[in-house]
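> Kindly return the folded structure for what I paste below:
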Amino acid sequence: AGSARPAAISTEEVPKLPARIFARLEQYQNMRSAQFYGWAPDGRGMLIGTRFGNSPQLHRVYKPGGRREQITFFEEPAQGRFIPHAKDNAVLVSMSAGGSENFQVYLLDRSGYRSRLLTDGTSRNELGPVSRDGSRMIVHSNRRNGRDTDLYVADCHQPDSMQLLLETKNEFWVAQ
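The predicted structure is shown next:
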C-alpha cells in the first residue's frame, strides 16, 4: 500500500503510510456541512445549502432538528435566498455552469418546479441582498466590461431588469 500524495508534490525521506490509515480517515473527511442562507419569510424554518448527491443544493428546514426538504435538483452547486413576502414561495438561486464561475441568478418557481434566468447568461452575476419587501435585489456583475464588478438593482421576478446602481473602475464592490 502506498501514499495518497498528489503527483505534483514531491517528498524525500518521508515514509509511506499504509492504505488502511487513509481508509480510516475517510470517515472524518467525507462529512456533510450546511450553509445558512436565510430565514423563511413565513417564519417557518430556514433555507440551507448542503451536499446531498453530486453537488450542494438548497434545502428548506421547517423546525429545529427537523427533516430537510430539498428544493433544488441541479447538476451545479446552488446557492440562494428566499424572497421576502413572496406569495408564490419563489426562491432566488445563484449558480455557475461547469465551474466557469460566471454565476447567474435564477427565479425558482417552487409551485411549478421551473427556473427562469434573470441575468444575462454570460457575465458574472452574483446575488446580493434582497429588499425587505421582496420586490428588488442587488446583483454584483461584470456585465459592463467583463472586468469591473458594478452594482445593479433588479426586479426579483423579471428577466433583463438590471439597472446600473454603482459603476466601479478597477474595483470589486459587493453590497451587504
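> Skip the chain neighbours and tell me the closest residue to residue 132.
Leaving aside its chain neighbours, residue 132 sits nearest to residue 84 (5.8 Å; criterion: C-beta to C-beta, 6 or more residues apart in numbering). Placement of C-beta: from N, CA and C, glycine included.
> In contact with that neighbour, which residues?
If you count contacts by C-beta atoms under 8 Å, 6 or more residues apart in numbering, residue 84 has them with 41, 130-134.
> again, only this time at 10 Å
Counting by C-beta atoms under 10 Å, 6 or more residues apart in numbering, residue 84 touches 38-41, 130-135, 156.
> Among those, name the buried ones.
When neighbours are counted using 16 or more other C-beta atoms under 10 Å, these contain these buried positions: 41, 130, 134, 156.
> out of these, which are inside strands?
If you go by DSSP state E, those have residue 130 in strands.
> of the buried ones among the contacts of residue 84, closest to residue 8?
Set against residue 8, the nearest of the buried ones among the contacts of residue 84 by C-beta to C-beta is residue 130 (41.8 Å).
> just to revisit the earlier point, where does confidence bottom out across the contacts of residue 84?
Lowest pLDDT of the contacts of residue 84: residue 41, 88.
> In the chain, mark out all the strands, start to finish.
Under DSSP E, the chain gives strands at 34-39, 46-51, 56-61, 68-70, 79-82, 91-95, 104-109, 114-117, 125-130, 136-141, 150-155, 163-166.
> ok so, going back, where does the residue nearest to residue 132 land on pLDDT?
Listed pLDDT for residue 84 reads 91.
> these two touch, right, residue 98 and residue 75?
Yes. If you go by C-beta atoms under 10 Å, residue 98 and residue 75 touch, sitting 9.1 Å apart.
> Could you tell me which ranges of this protein sit under the pLDDT cut-off?
Flagging of the chain using pLDDT under 70 yields the residue ranges 1-7, 30.
> Bridge partners for the most centrally placed residue in it, pull those for me.
The chain has residue 79 as the residue nearest its centroid, 2.1 Å off, counting by C-alpha atoms, centre = their mean. Residue 79 forms beta bridges with residue 94, as assigned by DSSP bridges.
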